[in-house]
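A.B. asks: Sharing a model prediction with you, sequence too.
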Amino acid sequence: MKRALGLALLAASCASAPPQPEPDAMPPAPAVEPARASEPAQVLVPHVQALGREDGLVWIDFAATGRRASDADLARALEPWVGRASEVGLARTQAGARTLAVVARLRELERLDLRGTPVGARELAALAPLTQLAWLNLAETRLDAAALDALIQLPALRRVHVWNAGLDAAAIERLRAARPELAVELERPAGAALEVEPEVALARRAPASPAAAPVNANCPVLGTPVDPAQTTLFEGRVIGFCCGSCRTRFLADPASFRSKLP
């Protein structure tokens, strides 16, 4: 009797429940947009050299690894060094707006090498927060008169290299008038024309003969023992360096290291 009553109640419940839609009648699931394919980020390992300072700040250079990297890759590689870099070399790389946005956060930065990059007035304006930047190489960049405001507003700037950077005589005169204490370098430094070999080739090159031995025992940049394979000709003498990156840095501004040569 109880079993018959239970079956009757179950039948009544099924009859009152709304019919379930057939599988074909179910509303379609919302379309999911496929993920956009993207190039894998290039992993860059810059040359990092301690400067022997009490604050532990370092010099970072992308000359050997960054020449084929994109602006975004350079920015990502520089990001971990925010707050730790005093000098940065980005010469002949594709450094642009993204990279300079990271550079602008290196508030301790004192030296910046941007020669041979696609940097123009718009990118240069990002450097305004760098209140300690004293040396800037903008040779062979893409400047115009609009870049002057950015240069004038860098309070600690004492030397800027602008040869083949696109600034005309009127712009140079305006810069010198606004910042008379600023050394505006318009000529290619002696020896800079030699910097046409890839950094890898420089690292593998051996001195041609004993006559090519460097005149100095210690690197004029860092003061460490020289590697005889890392040399350049400067003012008629063979100068040695501890590494290719120091050689690159010397060629950018030889006058800064002349006092350290024998």
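C.D. replies: Received, thanks.

A.B. asks: low-confidence ranges in the stretch 1-150 of the chain?
C.D. replies: Residues of the stretch 1-150 of the chain meeting the criterion pLDDT under 70: 1-43.

A.B. asks: ok, which stretches of it are helices?
C.D. replies: For the stretch 1-150 of the chain, applying DSSP state H, counting those that start in this stretch gives helices covering 2-16, 71-78, 97-103, 121-124, 148-152.

A.B. asks: Check which helix or strand the closest residue to C243 other than its chain neighbours maps to.
C.D. replies: Closest residue in space to C243, ignoring its immediate chain neighbours: Q230 at 6.1 Å, by Cβ to Cβ, 6 or more residues apart in numbering. C-beta here means a position set from N, CA and C on the backbone, and glycine is covered the same way. Taking DSSP states H and E as the definition, Q230 sits inside strand 227-234.

A.B. asks: quick one: buried residues of that strand?
C.D. replies: Neighbour-count burial for strand 227-234, counted by 16 or more other Cβ atoms under 10 Å, picks out D227, Q230, T231, T232, F234.

A.B. asks: ok, so of those residues, who is nearest G120?
C.D. replies: Nearest to G120 among the buried residues of strand 227-234: T232, at 29.9 Å, using Cβ to Cβ.

A.B. asks: does the closest one really touch L251, like I thought?
C.D. replies: Yes: applying Cβ atoms under 8 Å as the test, T232 and L251 come out as touching, 6.4 Å apart.

A.B. asks: Between its first and last residues, how far does stretch 118-126 reach?
C.D. replies: The first and last residues of stretch 118-126 sit 14 Å apart, counting by Cα to Cα, to the nearest Å.

A.B. asks: Now tell me what touches it from outside.
C.D. replies: With contacts defined as Cβ atoms under 8 Å, 6 or more residues apart in numbering, stretch 118-126 is touched by 94-97, 100-101, 103-104, 138, 141-144, 146-147, 149-151.

A.B. asks: Can you flag the buried ones in these?
C.D. replies: For the contacts of stretch 118-126, a burial check counting by 16+ other Cβ under 10 Å picks out 94-97, 100, 103-104, 138, 141-143, 147, 150-151.

A.B. asks: got TSV for those, with distance to V162 too?
C.D. replies: As requested, the buried ones among the contacts of stretch 118-126 are exported to TSV (distance: Cβ to Cβ, whole Å):
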residue	distance to V162
Q94	20
A95	17
G96	19
A97	20
L100	17
V103	18
A104	20
L138	5
T141	8
R142	12
L143	7
A147	9
A150	12
L151	9
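
A.B. asks: P46: which of these is nearest?
C.D. replies: When these are compared for distance to P46, the smallest value, 12.1 Å, is given by A95; criterion: Cβ to Cβ.

A.B. asks: which residues does the nearest residue to G166 once chain neighbours are set aside contact?
C.D. replies: With sequence-adjacent residues excluded and distances taken as Cβ to Cβ, 6+ apart, G166 is closest to L143, at 4.5 Å. Applying Cβ under 8 Å, 6+ apart, one finds that L143 lies in contact with V119, G120, A121, L124, V162, A165, G166, L167.

A.B. asks: Assess the claim that D71 and V102 are in contact.
C.D. replies: No: counting by Cβ under 8 Å, no contact exists between D71 and V102, whose distance comes to 10.3 Å.

A.B. asks: What is the nearest of the buried residues of strand 227-234 to A183?
C.D. replies: Comparing the buried residues of strand 227-234 against A183 with Cβ to Cβ picks out F234 as the nearest, at 19.8 Å.

A.B. asks: Much appreciated, bye for now.
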